[in-house]
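Enquirer: take this sequence and fold it.
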Amino acid sequence: MNAVTLRPDVHEQIGQIGSVDIVVGIPSFNNARTIGHVVRAIQAGLAKYFPSHRAVIVNSDGGSSDGTIDVVHKSSLEDFNAILLHHRVEPISKIAFPYAGIPGKGSAFRSIFEIARALDAKACAVVDSDLRSITPEWVELLLKPVLEGGFDYVAPLYHRHKFDGTITNSIVYPLTRALYGKRVRQPIGGDFGFSGELARFYLNQDVWESDVARFGIDIWMTTTAIANGFKVAQSFLGAKIHDAKDPGADLSSMLYQVVSATFELMESHSEVWMPIRGSEPATTFGFEYTVGLEHVNVNTARMLNLFREGLKNLREIWLGILGAGDFREVERLGNLSDNEFCFPIGLWTRVIYDYAIAFHQKKLPAEHLIKSLTPLYLGKTASFILLAQDMEGAEAEAEIEKLCMEFESNKDYLVTSWKQFQ
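Expert: Below is the predicted model of the structure:
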């Protein structure tokens, strides 16, 4: 597949650089306030841990109007002594440009992959542009398993507040783990390391004009690496603290984006996941330590009201997807008071599997189908918050582990139903 997205001036810069060992990419859109810190942390990490490697920082920008690209060019680590460095460091190049293609993170990544291929990079990493918790150590932890450990893909492992990342915790992690048999805890974490070989493999996949290019890139990268037999690990990066997402943003749109990408991948890789049972841990790097986490405020009463409204408004759709028995179970939940509300994990597992099967059967248009999952997801999330409100992080994590085991032990239900509609 030809490289079609890079501008002539970028090709010129690539020609001047020639080749590198490492590419670190930062996709951005109006992140002038935070991206300078990210660039300096990467420079420090490259200088400290990879002083003899040739490296380039690539900022692939979505047309920012706040001077993001200027900040990238101006940001530099003034004093290497400050990070206790006294040896000579290979110069670190920078390329910053607006990408072409469908607006979205996937198109930004495509440009980064193309530059990695053109520069014949051995190892690459991508990190979010709004990170406030990134440290130079992230660079080592994302790249060293690739450069020295023979791994092709390094997912991030963060400590997050027990009520943060609920789409990952209740759907994406349990489902991906049960499907593909690998315990990658943050499959849509946003900060990844990968080999130059895997970057080239990604470029040759025919997804760049699809929704992957807009919003499904994180889960696509993780799943594609696992399903195609690349060597996968995860690295503990501490806390992920970044700009808070707009609480007024449409939750059902976000749920649709993540879940539709996950379900689409199930279609592409059904021959891979169908025979897999159980799961194995992913190799994990980094020193795990306790981190202070920003508190996440939640309003369970509002969530449960939206769940009960869904019972009234989506009755026929839910009945058609879940079947009479499970729908009756969901209906019973609607009669519980807020204090006694508890969404059983076996029922939740079947709900997600039933939605995957309905997506496979094309029972409804994809967006209509997955948006009807939103009130059920809110009910499940409220149930988890009520259960875990007085728990320590490790206890809350143990509840997520129980859910994962439920997904694994119920997988035959998914496979049997799926096969009926091949």
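
Enquirer: which residues of the stretch 51-200 of the chain fall in helices?
Expert: Using DSSP state H, counting those that start in this stretch, the helices of the stretch 51-200 of the chain run over residues 68-74, 105-118, 136-147, 166-167, 173-180, 196-203.

Enquirer: closest one to residue 188 among the ones you listed?
Expert: Counting by CB to CB, residue 188 lies closest to helix 166-167 out of the helices of the stretch 51-200 of the chain; the figure is 8.0 Å. Yep, even glycine has a C-beta here, placed from its N, CA and C like the rest.

Enquirer: and the closest one, what does it pack onto?
Expert: Contacts defined by 3 or more CB pairs under 8 Å, 6 or more residues apart in numbering; DSSP states H and E place helix 166-167 against helix 251-268, helix 374-388.

Enquirer: distance to residue 52 and mean pLDDT added to those helices, as TSV?
Expert: As requested, those are exported to TSV (distance: least, CB to CB, whole Å; pLDDT from 0 to 100):
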stretch	distance to residue 52	mean pLDDT
helix 251-268	38	93
helix 374-388	47	95
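
Enquirer: highest average neighbour count across the ones you listed?
Expert: With neighbours defined as mean count of other CB atoms under 10 Å, the helices and strands packed on helix 166-167 peak in mean count at helix 374-388, which reaches a mean of 22.

Enquirer: show me what that helix is packed against.
Expert: helix 166-167, helix 251-268, helix 300-313, helix 315-334, helix 345-361, helix 393-409.

Enquirer: pull out the buried residues from the helix or strand following the second one.
Expert: Under the assignment DSSP states H and E, the closest C-terminal helix or strand after helix 251-268 is helix 270-273. Judged by neighbour count (16 or more other CB atoms under 10 Å), helix 270-273 contains these buried residues: 272, 273.

Enquirer: next one: the helix or strand following helix 270-273 to chain centre, how far?
Expert: Under the assignment DSSP H and E, the closest C-terminal helix or strand after helix 270-273 is strand 280-281. Offset of strand 280-281 from its chain centre (CA atoms, centre = their mean, to the nearest Å): 19 Å.

Enquirer: just checking: what are the partner strands of strand 280-281?
Expert: Sheet pairing of strand 280-281 (DSSP bridges) gives strand 182-183 (parallel).

Enquirer: so which of the helices and strands packed on helix 374-388 is nearest residue 371?
Expert: Among these, the nearest to residue 371 by CB to CB is helix 251-268 (4.6 Å).

Enquirer: turn the helices and strands packed on helix 374-388 into CSV, including distance to residue 59.
Expert: CSV is the format used below for these (distance: least, CB to CB, whole Å):
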stretch, distance to residue 59
helix 166-167, 27
helix 251-268, 24
helix 300-313, 38
helix 315-334, 43
helix 345-361, 36
helix 393-409, 34
